[in-house]
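Trainee: Fold the following, please.
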Amino acid sequence: MDMLWSGWGDPAKAAPLPDTVIGLLRDLLGVKPRSAEPVGLVEIAVAEGQLEPAAHHALAAAVGGEEYVRTDAETRIRHTRGKSTPDLLRIREGDTADAPAAVLLPAGHEEIVAVLRACAEHGLALVPFGGGTSVVGGLAPARGTFVALDLRRMDGLLALDPVSRTATLQPGLRAPQAEGLLAEHGFTLGHFPQSYEWATIGGFAATRSSGQASAGYGRFDEMVLGLTLATPEGTIDTGRAPRSAAGPDLRQLVLGSEGAFGVITAVTLRVRPVPQIRVYEGWRFASFEEGSAALRRLAQDGPRPTVLRLSDETETLIGLARPDAIGAADAPPAVGCTAIAGYEGTEEDTSYRRERAAAVLRECGGTPLGEEPGAHWAHGRYSAPYLRDALLDAGAFAETLETAAYWSRIPELYAAVRDALTTTLTKAGTPPLVMCHISHVYENGASLYFTVVSAQGEDPVAHWTPAKHAANEAILAAGGTITHHHGVGTDHRDWYVREAGPLAVDALRAVKRRLDPVGLLNPGVLLPLDD
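Mentor: Numbering: from 1, shown residues only. As a prediction, this is how the structure comes out:
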């Protein structure tokens, strides 16, 4: 099944906001109902005949037949941009300026190599496309006619080594299907980001994804043991051992490269046994500062839960820690900050870690709330993107952004981003509600994930752009990284260049020129175009 073209996920799971929430948005933020309904899919026009006949023929030969080269309007619209709020607002208005000329569906590595040769020969840019869940402009190249390389046919489990506990997966495999295939052998990846239902293995690697259980299982890039990359200049295979001192680790060059250096065609990953038990519980702290200190204690000194996250006072009050219950009558207003701690593993290990962690959380001022808040969080852990769509339908603007920093910088970073968003949007006449939670913790720092809701203003995309830029500036000034797990894309590219520095960017450009001499791979994403 394809994702909803004008929003997130499964259309059957979409639900309108309760009247109480719509009233709150009107009274608190001045949100007004939309003046017109979004255009429908059948009403959207896309340019035709963008592929020359010779190019079309070469691409069809590369992927095994005409049926795997799609040029119909609906398929191209469904592969236009990603799922950021500006992406959705533009497509809802019928803007298809970034639609691919064709969508290709290769079946394997060699077909992708052939596609890259054909694109180079016919002057076509190419964008790898997994689940289409990018929220940073990662699917809209900056120049030329391009084709989207949809990897959905490459959705298999290629190898499983139960002794070494490794699995080799194809890039187009969606996360739920990957979990299903591994579970048949008693294993799990343990990677459950908010995009879990739709994102793919290749996309996780290409963007350095981080799942909600990263405290226990680690980030996706920590799970990757090996990669195969198809480039216009040939194939790169990395990772013949779990660790090596044989030169720089080329896996790290591919991870986070967002299709700019090549197309990931296989990923070898560390897997773990399916846990015997999963239990999630809630804790209450008087302040975000107090809760942050408690999370830092667990991250640094242990025992570390599998899931560990903390909502600030505003997010706790609004109830975004349980987005499936926003506006529900049985969700009374909360005070302080809510933390979620989750434990997965054997019954003995889970019980031991839970008991010891509870002692630390109590010592740090936490009040236990029992398993009910944890169960609500687990039930609604993938609901927030659907809530975003409902907010857009109601006439509100809703978007997210994230960053990370060392623990000592977290308070300054938190305040700086909140202030930048609030000041910029208030000056624009649309004062926002800014919420935040700590989404991932490490021994040395943490990630902050912000949610912003406001009225849309006259031009919602133009209304958001200065606020996003102000937040990006605040992140760099406060010592944060421009992105923790969403990737760079085009939205963060200019700030990534400043974060990395000119020499590092020149080195990456040299890599791209060697692997992709004509610049056909996702041009303008991750790195600026060559002058």
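
Trainee: can you confirm residue 470 is in a strand?
Mentor: No. Using DSSP: H, G, I helix; E, B strand; the rest coil, the assignment for residue 470 is helix, not a strand.

Trainee: any idea how far it is from residue 87?
Mentor: With the distance defined as Cβ to Cβ, to the nearest Å, residue 470 ends up 20 Å from residue 87. Where you see a C-beta, it was placed from the backbone N, CA and C, and this is true even at glycine.

Trainee: and residue 400, how many residues sit next to it?
Mentor: Around residue 400 there are 17 other residues, counting by other Cβ atoms under 10 Å.

Trainee: again with the one 10 residues further on
Mentor: Summarising burial for residue 410: neighbours were counted as other Cβ under 10 Å, giving 25.

Trainee: Now it: which helix or strand?
Mentor: helix 410-427 (DSSP states H and E).

Trainee: Report all helices and strands that that helix contacts.
Mentor: Contact partners of helix 410-427 among helices and strands, from 3 or more Cβ pairs under 8 Å, 6 or more residues apart in numbering; DSSP states H and E: helix 288-301, strand 396-406, strand 433-441, strand 445-455, helix 460-477.

Trainee: Determine which of the ones you listed approaches residue 102 most closely.
Mentor: When the helices and strands packed on helix 410-427 are ranked by proximity to residue 102, the top entry is helix 460-477, at 26.8 Å, counting by Cβ to Cβ.

Trainee: Could you give me the buried positions within that closest one?
Mentor: 460, 461, 463, 464, 467, 468, 470, 471, 472, 474, 475, 476 (16 or more other Cβ atoms under 10 Å).

Trainee: Now do it against strand 445-455: the angle between them, please.
Mentor: 150 degrees (axes from the mean of the first three to the mean of the last three Cα atoms, to 10 degrees).

Trainee: if we can go back for a sec, out of the helices and strands packed on helix 410-427, flag the one nearest residue 189.
Mentor: In this view, those are compared for proximity to residue 189 by Cβ to Cβ, and strand 433-441 is the closest at 16.1 Å.

Trainee: Measure how far that closest one is from the centre of its chain, please.
Mentor: The gap between the average C-alpha position of strand 433-441 and the chain average comes to 15 Å, counting by Cα atoms, centre = their mean, to the nearest Å.

Trainee: for stretch 402-422, same thing?
Mentor: Using Cα atoms, centre = their mean, the mean C-alpha position of stretch 402-422 is found 20 Å from that of the whole chain.

Trainee: okay, it in PDB with CA atoms only?
Mentor: Extracted C-alpha coordinates of stretch 402-422, given in PDB (Å, rounded to 0.1, in the frame of the first residue of the first chain):
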ATOM      1  CA  GLU A 402      15.500  18.500  16.200                       C
ATOM      2  CA  THR A 403      19.100  18.900  17.300                       C
ATOM      3  CA  ALA A 404      21.600  17.500  19.900                       C
ATOM      4  CA  ALA A 405      24.400  18.800  22.100                       C
ATOM      5  CA  TYR A 406      26.600  17.900  25.000                       C
ATOM      6  CA  TRP A 407      24.800  17.800  28.400                       C
ATOM      7  CA  SER A 408      26.500  21.100  29.600                       C
ATOM      8  CA  ARG A 409      25.000  22.900  26.600                       C
ATOM      9  CA  ILE A 410      21.500  21.500  26.700                       C
ATOM     10  CA  PRO A 411      19.900  24.300  28.900                       C
ATOM     11  CA  GLU A 412      21.300  27.000  26.600                       C
ATOM     12  CA  LEU A 413      20.300  25.200  23.400                       C
ATOM     13  CA  TYR A 414      16.800  24.500  24.700                       C
ATOM     14  CA  ALA A 415      16.300  28.200  25.600                       C
ATOM     15  CA  ALA A 416      17.900  29.500  22.400                       C
ATOM     16  CA  VAL A 417      15.700  27.500  20.000                       C
ATOM     17  CA  ARG A 418      12.500  28.200  21.900                       C
ATOM     18  CA  ASP A 419      13.300  31.900  22.000                       C
ATOM     19  CA  ALA A 420      14.200  32.000  18.200                       C
ATOM     20  CA  LEU A 421      10.900  30.300  17.200                       C
ATOM     21  CA  THR A 422       8.700  32.300  19.600                       C
END
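
Trainee: what residues does that stretch touch?
Mentor: Residues outside stretch 402-422 that contact it (Cβ atoms under 8 Å, 6 or more residues apart in numbering) are 288-289, 292, 296, 312, 401, 431-432, 434, 436, 438-440, 444-450, 452, 467, 470-471, 473-475, 477-486.

Trainee: Show the buried residues in these.
Mentor: Going by neighbour count (16+ other Cβ under 10 Å), those have 288, 292, 296, 312, 401, 431-432, 434, 436, 438-440, 445-450, 452, 467, 470-471, 474-475, 478, 480-486 buried.

Trainee: Export the buried residues of helix 460-477 to JSON lines and append columns for distance to residue 357 and pLDDT.
Mentor: Output for the buried residues of helix 460-477, formatted as JSON lines (distance: Cβ to Cβ, whole Å; pLDDT from 0 to 100):
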{"residue": "460", "distance to residue 357": "42", "pLDDT": "93"}
{"residue": "461", "distance to residue 357": "43", "pLDDT": "93"}
{"residue": "463", "distance to residue 357": "43", "pLDDT": "89"}
{"residue": "464", "distance to residue 357": "39", "pLDDT": "96"}
{"residue": "467", "distance to residue 357": "37", "pLDDT": "98"}
{"residue": "468", "distance to residue 357": "36", "pLDDT": "98"}
{"residue": "470", "distance to residue 357": "37", "pLDDT": "98"}
{"residue": "471", "distance to residue 357": "33", "pLDDT": "98"}
{"residue": "472", "distance to residue 357": "35", "pLDDT": "98"}
{"residue": "474", "distance to residue 357": "33", "pLDDT": "98"}
{"residue": "475", "distance to residue 357": "30", "pLDDT": "98"}
{"residue": "476", "distance to residue 357": "34", "pLDDT": "98"}
